[in-house]
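Q: Got a sequence here, can you model it:
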Amino acid sequence: MISVGVDVSKGKSAICIMKPYGEVLEKPYELEHTKIGLRKLADLIFKYDEEVRVVLEATGAYHLPVLNYLQRYGIFVSVINPLVMKKYSSMSIRKGKTDKMDAIKIANYGIDNWTRL
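A: Numbering: from 1, shown residues only. Predicted structure coming up:
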């Protein structure tokens, strides 16, 4: 069970890859929405021998290139309503708002809600 949290922005995303119990496989990093950047993400996902689910927040049209690219390669992608993610984030005692912190929260959401994605 591996959750890939993607915090999408215009032209780039923050990525965090986690396993249950907070085990971070890939520390949060930024990725450009280019063919090369998205291919690197897909290759990274394919290297894992476990089931991988990508979770990202709906962001107008900004999330569509990531969603389309990953789905084209058969990668499971779940798009979450921003209001749901806001409520989930508000339950945490850790506060802060950066793209990398959001990627961690989104990855955690994927782990916590694995069966409902």
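Q: And the strands in this protein, which stretches?
A: Using DSSP state E, the strands assigned to the chain run over residues 2-9, 12-19, 23-32, 52-57, 77-80.
Q: for the first one, packing partners?
A: To tie it back to what came earlier, the one meant is strand 2-9. Judged by 3 or more Cβ pairs under 8 Å, 6 or more residues apart in numbering; DSSP states H and E, the packing partners of strand 2-9 are strand 12-19, strand 52-57, helix 99-112. (Glycine included, C-beta is placed from N, CA and C.)
Q: now the ones you listed in a markdown table, with distance to Asn81, mean pLDDT and mean neighbour count?
A: As requested, the helices and strands packed on strand 2-9 are exported to a markdown table (distance: least, Cβ to Cβ, whole Å; pLDDT from 0 to 100; neighbours: other Cβ atoms under 10 Å):
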| stretch | distance to Asn81 | mean pLDDT | mean neighbour count |
| --- | --- | --- | --- |
| strand 12-19 | 18 | 94 | 22 |
| strand 52-57 | 8 | 94 | 23 |
| helix 99-112 | 11 | 89 | 21 |
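Q: rewinding a little: minimum distance to Leu67: which of the strands of the chain has it?
A: Shortest distance between Leu67 and the strands of the chain, using Cβ to Cβ, is found for strand 77-80: 5.4 Å.
Q: For the closest one, which helices and strands make contact with it?
A: Using 3+ Cβ pairs under 8 Å, 6+ apart as the contact criterion, the neighbours of strand 77-80 among helices and strands are strand 52-57, helix 64-72, helix 99-112.
Q: Could you check how far Val66 is from Val84?
A: 18 Å (Cβ to Cβ, to the nearest Å).
Q: Equivalent analysis for His63, please.
A: When His63 is compared with Val84 (using Cβ to Cβ), they lie 14 Å apart.
Q: quick one, which of these two is more surrounded?
A: Neighbour totals were compared for His63 and Val84, and His63 leads with 21 against 13 (other Cβ atoms under 10 Å).
Q: So what pairs up with the residue nearest to the more buried one when sequence neighbours are not counted in the strands?
A: In space, His63 comes closest to Val8 once its chain neighbours are excluded; the distance is 4.4 Å by Cβ to Cβ, 6 or more residues apart in numbering. As for beta bridges, Val8 partners with Ser13 under DSSP bridges.
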